[in-house]
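*Asks:* build me a structure from this.
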Amino acid sequence: MMSTQVEAARLLVRTLEAEGVRYVFGLPGEENIHFVDALRDSPIRYVLVRHEQGAAFMAEIYGRLTGRAGVASATLGPGAINLQLGVADATTNSTPVVAISAQVGLDRIYKESHQIVDLVAMFKPITKWADLVLTAEALPEMVRKAFKTAQTERPGAVYLAIPEDVEAATVDGELRPLPVNVVRPQEPSASQIARAADVLALAERPIVLAGHGATRNHASQALIDFAELLGLPVATTFNGKGVFPDDHPKALGAVGFMRHDYVNFGFDAADVLITVGYELQEFDPAKINPKGDKKIIHIHRFPAEVDEHYPVQVGIQGDISRSLIELGEATRRRFDLNGTEHTIRRMIREELDRGRADDGFPMSPLRVVADIREAMGRHDIVLADTGAVKMWMARLYPTYEPNTLLVSNGLSSMGFSVPGAIAAKLALPDRKVLAATGDGAFLMNSQELETAIRENVPITVLIWEDGAYGLIEWKMDLELGRSSNIAFGNPDFVAYAESFGAKGYRITSADELLPTLRKALSDNGVSVVTVPVDYSHNLRLTDALMSSGGR
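*Replies:* I've put the predicted structure just below:
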């Protein structure tokens, strides 16, 4: 009896279904039409984007919020190459993504031919694993490996290239997806816990730094309990914001600003750093341990990167929550650090309070941050795009829960916030979602407004408008005393938004922003709000930090 044959593309879709995939973000091409067609009969929703870069950013943010690999799809050649920025961003931000693209057929892959480029070689440096599917029968194993690799600590992106003749081939209908197995974290080593407790027994001013790994490993409550048990102040990286709530009495705020910030003062006096889920690409350890003389207890699922400013005294590899619980129980002391965290938190609060009362126009960045916080609930999600927007938001925006302020702090890619907001709303539809972006970053992927409208995904975009690449101007002014080649013109953003079918708003006085944000966020649609921002406050901030003891 002959077995039933099925298209390889349908087998591919079955493997994605078995992995629990709900969305594929992509843009089709001639070479992957069988795959796109096979998705028509699947519960997986194909989200058609306007640029492959947008698809990759959507997959990244979906993976970041759910812990399950987001899937981005493209055709061969230029389509696949356009995925690369978002794929690299995902890997450097330790986020699971599976990128799948077409490739030329095996009958011509070995020679000079139309649209051929070695995509696997291009993706290898920016992924955990990249490979070419040489036979349709390999799809169940290769897709299972792709998801397992992407989602296992340390998470990142993977890439599969599927030749067009492999996608269009037929395979035995008895082929099935492989069972999904989940890699469980190991228990921390008792001897390493004991060694870390010995370090803390002799410590005078220990401090905790929590990073992105603590967020994705759901260690927030264990971190809070650990800080309360030992009386320790806790700072976070920009990517770790919210894993320790900013309104907690032991909160120091976020470290990561380009100059010596208030939060750094707590690190200046520390003799022991307890890093929890921290990864070095989040923030240069030289800025918190410039002499390399502080003892470091590294708590994570995997060993630390080697760096002269990050000399690990004790490394505890294993489940982060279990590690914190067991280290807290083994330490048997409580620290009294004279309220350093209260002083630092007061300085940050006073800065934000001054901004809240600033009625100047164009608006102070501090006032914009304060109004965003007032408009958003504790559970709602803000994506702060790369640029001066990120610096102001990550420093000052009070964050109370994990993954409620999202930035790119690994690759620090511009243009992720608008497509990322679409994915955030799809992943967590009960949350309000705001993309906070500069005018430069907005126009890099603004075409995805059409995607949001067509796919009926309600998001709000807040454009901080200054007609320049504000962060570069800030850096030039600080280091060169002048700036050049940073200014540009903008369209009428209200008319631009309305041309897509979105609602457009332009702020003309400081008192308009908060009610406009509330209105836009409550609408069940896509809104774009433009606010002119006075970035002369940038240099005022860095001058103030210098005068307060920063460098």
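*Asks:* so Ala435 sits in a strand?
*Replies:* Yes - when the secondary structure is assigned by DSSP: H, G, I helix; E, B strand; the rest coil, Ala435 falls within a strand.
*Asks:* okay, now it: neighbour count?
*Replies:* Under the neighbour criterion other CB atoms under 10 Å, Ala435 is assigned a count of 30. To be clear about C-beta, it is placed using only N, CA and C from the backbone, and glycine gets the same treatment.
*Asks:* need phi/psi at the nearest residue to Glu31 once chain neighbours are set aside.
*Replies:* With sequence-adjacent residues excluded and distances taken as CB to CB, 6 or more residues apart in numbering, Glu31 is closest to Ala102, at 3.6 Å. Main-chain torsions, Ala102, degrees, to the nearest 10: phi -80, psi 170.
*Asks:* I figured Ala102 was touching Leu83, is that so?
*Replies:* No - with contact taken as CB atoms under 8 Å, Ala102 and Leu83 are classed as non-touching, separated by 11.6 Å.
*Asks:* quick check: neighbours shared by the two?
*Replies:* Shared contacts of Ala102 and Leu83, defined by CB atoms under 8 Å, 6 or more residues apart in numbering, are found at Ala74.
*Asks:* more neighbours: which of the two?
*Replies:* Taking other CB under 10 Å, Ala102 and Leu83 do not tie; Leu83 has more neighbours (32 against 28).
*Asks:* surely that one is in a helix?
*Replies:* Yes - counting by three-state DSSP, Leu83 falls inside a helix.
*Asks:* show the pLDDT at the residue nearest to Glu31.
*Replies:* Here the pLDDT value assigned to Ala102 is 97.
*Asks:* any idea how far it is from Ala130?
*Replies:* 15 Å (CB to CB, to the nearest Å).
*Asks:* residue contacts, the nearest residue to Val531 once chain neighbours are set aside?
*Replies:* Once flanking residues are discounted, Val531 sits nearest to Ile507: 4.3 Å by CB to CB, 6+ apart. Contacts for Ile507 were tallied using CB under 8 Å, 6+ apart; they are Met363, Leu513, Thr516, Val529, Thr530, Val531, Pro532.
*Asks:* and the fourth one, bridged to which residues?
*Replies:* I take that to be Val529. Beta-bridge partners for Val529, by DSSP bridges, are Leu462, Tyr505.
*Asks:* so it sits against Ile463, correct?
*Replies:* Yes - with contacts counted by CB under 8 Å, Val529 reaches Ile463, the gap being 7.0 Å.
*Asks:* which of these two has more neighbours?
*Replies:* Comparing Val529 with Ile463 by other CB under 10 Å, the one with more neighbours is Ile463, at 30 against 25.
*Asks:* so what's that one scoring on pLDDT?
*Replies:* pLDDT for Ile463: 98.
*Asks:* leaving out the residues flanking it, which one is nearest to it?
*Replies:* Nearest non-adjacent residue to Ile463, counting by CB to CB, 6+ apart: Thr530, 4.6 Å away.
*Asks:* what does Gly29 give?
*Replies:* Thr75 (2.2 Å).
*Asks:* ok, now Gly70?
*Replies:* The shortest distance from Gly70 to any residue that is not its chain neighbour, by CB to CB, 6+ apart, is 3.2 Å, and that residue is Ala59.
*Asks:* and if you look at Ala161?
*Replies:* Nearest in space to Ala161, with sequence neighbours left out and distances taken as CB to CB, 6+ apart, is Gln103 at 4.1 Å.
*Asks:* wait, the one you found sits on Val117?
*Replies:* No - look at Gln103 against Val117 with CB under 8 Å: they stay out of range, at 9.2 Å.
*Asks:* more crowded one of the two?
*Replies:* Gln103 (28 against 14).
*Asks:* what residues does stretch 463-473 touch?
*Replies:* Where contact means CB under 8 Å, 6+ apart, the residues beyond stretch 463-473 that reach it are 362, 365, 368, 386-391, 436-440, 442, 483, 486-490, 493, 528-535, 538.
*Asks:* and stretch 168-182, by the same measure?
*Replies:* Counting by CB under 8 Å, 6+ apart, stretch 168-182 makes contact with 3-9, 11, 14-15, 17-20, 34, 136-137, 139-141, 143-144, 147-148, all of which sit outside it.
*Asks:* go again using 7 Å as the cut-off
*Replies:* For stretch 168-182, the surrounding residues in contact (CB atoms under 7 Å, 6 or more residues apart in numbering) are 3-8, 11, 14-15, 18-19, 34, 136-137, 140-141, 144.
*Asks:* show the average pLDDT along stretch 320-328.
*Replies:* Averaged across stretch 320-328, the pLDDT comes to 97.
*Asks:* follow-up on the earlier one: correct me if wrong: the residue nearest to Glu31 contacts Asp165.
*Replies:* No - applying CB atoms under 7 Å, one finds Ala102 not in contact with Asp165, separated by 10.5 Å.
*Asks:* show me where pLDDT drops low in the protein?
*Replies:* Applying pLDDT under 70 to the chain flags residues 1-3, 258-262, 337-340, 545-551.
*Asks:* please report how far the residue lying closest to Trp474 once chain neighbours are set aside lies from Leu280.
*Replies:* Among residues not flanking Trp474 along the chain, Asn538 sits closest, at 4.4 Å (CB to CB, 6+ apart). Distance, Asn538 to Leu280, using CB to CB: 27 Å.
*Asks:* of those two, which one has the most company?
*Replies:* Remark: of Asn538 and Leu280, Asn538 carries more neighbours, 22 against 16, as counted by other CB under 10 Å.
*Asks:* got the buried residues for the helix or strand where the more buried one lies?
*Replies:* Secondary structure assignment for Asn538, by DSSP states H and E: helix 536-547. When neighbours are counted by 16 or more other CB atoms under 10 Å, the buried residues of helix 536-547 are found to be His537, Asn538, Leu541, Thr542, Leu545.
*Asks:* looking at those, which one is closest to Asp477?
*Replies:* Proximity to Asp477 was ranked across the buried residues of helix 536-547 by CB to CB; first place goes to Asn538, at 7.7 Å.
*Asks:* for the residue nearest to Ala161, what are its contacts?
*Replies:* Under the contact definition (CB under 7 Å, 6+ apart), the residues listed for Gln103 are Leu76, Ile109, Leu119, Leu132, Ala161, Ile162, Pro163.
*Asks:* between the residues you listed, which is nearest Val263?
*Replies:* Looking across the contacts of Gln103 and measuring by CB to CB, the closest to Val263 is Leu119, at 42.1 Å.
*Asks:* what residues are up against the closest one?
*Replies:* Leu119 makes contact with Ala80, Ser101, Gln103, Ala161 under the criterion CB under 7 Å, 6+ apart.
*Asks:* among the residues you listed, which lie within strands?
*Replies:* Under the assignment DSSP state E, the contacts of Leu119 contribute Ser101, Gln103, Ala161 to strands.
*Asks:* let's have these in a markdown table, adding distance to Ala227.
*Replies:* Rendered in a markdown table, the data for the ones in strands among the contacts of Leu119 read as follows (distance: CB to CB, whole Å):
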| residue | distance to Ala227 |
| --- | --- |
| Ser101 | 45 |
| Gln103 | 50 |
| Ala161 | 46 |
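*Asks:* among those residues, which one sits closest to Gln317?
*Replies:* Relative to Gln317, the closest of the ones in strands among the contacts of Leu119 is Ala161; by CB to CB it sits at 33.4 Å.
*Asks:* wait, that closest one touches Leu134, no?
*Replies:* No - contact status for Ala161 versus Leu134: not in contact, 10.0 Å apart, counting by CB under 7 Å.
*Asks:* looking at these two, which is more packed in?
*Replies:* Between Ala161 and Leu134, counted using other CB under 10 Å, Ala161 has the larger neighbour count: 24 against 14.
*Asks:* wait, what's in contact with that one?
*Replies:* The neighbourhood of Ala161, defined by CB under 7 Å, 6+ apart, consists of Ser101, Gln103, Leu119, Val120, Leu132, Val133.
*Asks:* repeat that for 6 Å
*Replies:* With contact taken as CB atoms under 6 Å, 6 or more residues apart in numbering, Ala161 is in contact with Ser101, Gln103, Leu119, Val120, Leu132.
*Asks:* sounds good, over and out.
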